[in-house]
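Got a predicted structure here, sequence first:
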Amino acid sequence: MIGPRLLHPKYVTIGWRKSCSQRWMPSLKAMHPTNKAFASSYANNDEEQIPKVTLSFRHDNSVAILTLCNPQRRNALTFSMMEQLDEHVTTLERWATLVTVATDGMTRCDITNGSTDASPNLIPIESEIDSNAENNSRAIILTGAHGNFCSGLDLHDHAHSKNHPLQSGSQMNLHMTQVTNRLHCLPVPSISAIDGHAMGGGAELSTCTDFVVLSTSARVQFVHVRRGASPGWGGGRRLVKRVGRAKALKMLLMGECVSGQDEGRLLSFADGVGQEGESALDAAMRLIVRPILELPCSKAIRAVKSVVSAADGDEDVFDSQGMTILYDTNKALAAERGAFLSVWGGDSNLKQIRLTKEKLTEKKAPP
Ligand SMILES: CCCC(=O)SCCNC(=O)CCNC(=O)[C@H](O)C(C)(C)COP(=O)(O)OP(=O)(O)OC[C@H]1O[C@@H](n2cnc3c(N)ncnc32)[C@H](O)[C@@H]1OP(=O)(O)O
């Protein structure tokens, strides 16, 4: 039985649902210098170095992989990457819910690596989910490129993008809370595959999936309080749900780090750790995705996810259209936003962010 959320018109009507940035801020892209201009500030205009979030599909389009990629900065998230993440989540909502048919005899679902556009070959059935048609979406992996997950907000981009709407703590909080919760609510199981650092906002991102798999190099740390802040990307509520009250407080207040080397602490935060030398992506594939791929019916996988999501209260996060976060009735979400706005941009936060940037720059300076 498919849960009511999956049958909601949002998932079965034709056409793209507007991404949240488009909904809230129609002129968002127009107001920001183009990605090209931003890219030109990167070493040798090297395409590889341009910050981006890619989306690719494997196993006959049944597994989606979101990859955060800002290699020069340990995959810190720029504002542009936040927008791309939003667009990819919109693609995934469509991929994971709409029944699709092939129009050209090629693959059923032709969403290409890194593309944020709808494929012309992806035709949604307009009215109801056709129970005979197949949608083989099964799992989503969120990971980082080049041996790190994500070092949080890109502090350099933040300092140099004064005109970007997401520079406002309030807009960034709305955007990232919405995007990460939409990712969390997607109707197939999701996994964060973490190599290296997941810090600050990066640690928050790791909570927006159903499972967390670490490689032995992983270090997950909520450094917000040391930056004079509290979680601002929707990760506070999800962390408490994941590890419980006391452990969440320890991680948030004392910066207690979950490390791939320290299995003892993994117990409630992570669901698996890779073998020595194994990447988090490979470990996630082996430990979680493979068993899911072996199951006989993808529809049953999504049915189970909908049961668990509903039992866990995901339905309470969005309005009945699945479009807007319910800050007015969801007290935990409202409190998290209120707490973040009470500290973000305040004196202590500004000072700590400045000191962090200075430290990062000093590290680079020759002795
Ligand atoms: C609501 C969201 C709130 C937030 O997310 S606030 C941001 C929280 N994140 C942080 O404070 C992380 C700061 N970074 C670090 O502590 C360290 O870089 C980190 C992640 C432990 C990695 O250490 P190492 O492996 O030794 O690498 P490193 O320090 O030499 O850094 C390598 C290059 O990456 C850069 N980087 C790292 N984190 C960054 C960030 N968040 N924003 C912008 N740039 C960042 C760093 O400046 C350095 O660049 P470069 O090679 O000197 O040009």
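Happy to help now that I have it. Residues are numbered from 1 along each chain as shown.

interface residues of the stretch 201-350 of the chain facing the ligand?
Within reach of the ligand by CB under 6 Å from any ligand atom, the stretch 201-350 of the chain has these residues: G201, V223, H224, R227, A229, G232, W233. Where you see a C-beta, it was placed from the backbone N, CA and C, and this is true even at glycine.

5 Å - rerun?
Residues of the stretch 201-350 of the chain that fall close to the ligand, judged by CB under 5 Å from any ligand atom: G201, G232.

can you check the stretch 1-150 of the chain too?
R73, R74, A76.

Try it again at 8 Å.
Q72, R73, R74, A76, L77, N148 (CB under 8 Å from any ligand atom).

Sitting in strands, which of the residues you listed do you find?
Secondary structure from DSSP state E places none of those in strands.

Now that we have these, can you turn them into TSV and tack on neighbour count and pLDDT?
Compiled in TSV, these are given as follows (neighbours: other CB atoms under 10 Å; pLDDT from 0 to 100):
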residue	neighbour count	pLDDT
Q72	16	95
R73	19	97
R74	22	98
A76	25	98
L77	29	98
N148	26	98
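
so which of those residues comes closest to A280?
Ranked by distance to A280 (CB to CB), those are led by N148 at 10.2 Å.

For the closest residue to E48 other than its chain neighbours, grab the count of nearby residues.
In space, and not counting its chain neighbours, E48 is closest to P71: 7.2 Å by CB to CB, 6 or more residues apart in numbering. Residues near P71, counting by other CB atoms under 10 Å, number 17.

Please spell out which residues along stretch 136-156 are buried.
136-145, 148-156 (16 or more other CB atoms under 10 Å).

so how far is stretch 154-174 from its chain's centroid?
17 Å (CA atoms, centre = their mean, to the nearest Å).

Using PDB, write out every CA atom in it.
The C-alpha trace of stretch 154-174 is given here as PDB (Å, rounded to 0.1, in the frame of the first residue of the first chain):
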ATOM      1  CA  ASP A 154      31.800  27.900   2.500                       C
ATOM      2  CA  LEU A 155      33.100  30.700   4.700                       C
ATOM      3  CA  HIS A 156      34.900  32.400   1.800                       C
ATOM      4  CA  ASP A 157      31.800  32.300  -0.500                       C
ATOM      5  CA  HIS A 158      29.800  33.600   2.500                       C
ATOM      6  CA  ALA A 159      32.200  36.500   3.000                       C
ATOM      7  CA  HIS A 160      32.400  37.400  -0.700                       C
ATOM      8  CA  SER A 161      28.700  37.000  -1.800                       C
ATOM      9  CA  LYS A 162      27.200  39.900   0.000                       C
ATOM     10  CA  ASN A 163      24.400  40.400  -2.600                       C
ATOM     11  CA  HIS A 164      23.300  36.800  -2.600                       C
ATOM     12  CA  PRO A 165      19.900  36.300  -1.000                       C
ATOM     13  CA  LEU A 166      21.100  33.200   0.800                       C
ATOM     14  CA  GLN A 167      23.700  35.500   2.600                       C
ATOM     15  CA  SER A 168      20.800  36.400   4.800                       C
ATOM     16  CA  GLY A 169      20.800  33.900   7.700                       C
ATOM     17  CA  SER A 170      17.000  33.800   7.600                       C
ATOM     18  CA  GLN A 171      16.900  32.900   3.900                       C
ATOM     19  CA  MET A 172      19.700  30.400   4.200                       C
ATOM     20  CA  ASN A 173      18.000  28.700   7.100                       C
ATOM     21  CA  LEU A 174      14.700  28.500   5.200                       C
END
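
ok, is that stretch in contact with the ligand or not?
Yes. Contact of stretch 154-174 with the ligand (CB under 8 Å from any ligand atom) involves D154, L155, H156, D157, H158, M172, N173.

Mind checking which of those residues land in helices?
L155, H156, D157, H158, M172, N173 (DSSP state H).

wait, which of those is closest to the ligand?
L155 (3.9 Å; CB to the nearest ligand atom).

residues contacting that closest one?
A76, I353, T356, K357, L360 (CB atoms under 8 Å, 6 or more residues apart in numbering).

Looking at it now. What's its pLDDT?
Looking at L155, its pLDDT reads 96.

Please apply the same query to T116.
34.

likewise D46?
Value for D46, per-residue pLDDT: 73.
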